[in-house]
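J.: A structural model of the following input is requested.
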Amino acid sequence: MSAEDIRPRIDAHVHLMAADSEKHKCFVSPPMRKSVTAWYLSKMAGVSLRVSDEIFDLAYADHLAKLVREARYLDKALVFAMDGLYDSAGTLDPRTEALVSNDWTIEAVRRHRDVFVFGASIHPARPDALDELDRCAEAGAV
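T.: Residues are numbered from 1 along each chain as shown. You can find the predicted model right below:
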């Protein structure tokens, strides 16, 4: 068996999507919630737009993991959080349409260790950017 036969095949840029602000610390803007994108993502995850945000988050991550498991030429996915926009004062910019927290991404990776690898997202203007970088590195971000 050659080294090429044992190297994992990784999709190196996959984003989670999440909406639960309370449990998962994520955010989706009201216009984005009403968009065709929201409709499409809910259909893809196999849930109604009327389910709770927490149920949507779980269903989306579970569906994404299923797709990776079923992929013929893929072993893992590097799944990224998606930090918001921050202004120069370190305040979350109201133009942020979606924010997928590192916390939720860490949890999703733990739920699907066999196929997910953790990719952190940290906007450098965040007031806690360096602390968050250390925290994510300790959590296994690559």
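
J.: roughly how far is stretch 60-70 from the heart of the chain?
T.: 12 Å (Cα atoms, centre = their mean, to the nearest Å).

J.: my bad, should have said stretch 26-34
T.: That offset, for stretch 26-34, works out to 15 Å (Cα atoms, centre = their mean).

J.: Quote the end-to-end distance of that stretch.
T.: 17 Å (Cα to Cα, to the nearest Å).

J.: Need the contact partners of it.
T.: 18-21, 38, 53, 57, 84, 96-101, 104 (Cβ atoms under 8 Å, 6 or more residues apart in numbering). From N, CA and C alone the C-beta is placed, and that goes for glycine too.

J.: Rounded mean pLDDT for whichever strand or helix holds residue 31, please.
T.: Per DSSP states H and E: residue 31 is located in helix 30-33. Averaged across helix 30-33, the pLDDT comes to 94.

J.: Now do the helices in the chain.
T.: 3-6, 30-33, 36-45, 53-70, 102-111, 129-138 (DSSP state H).
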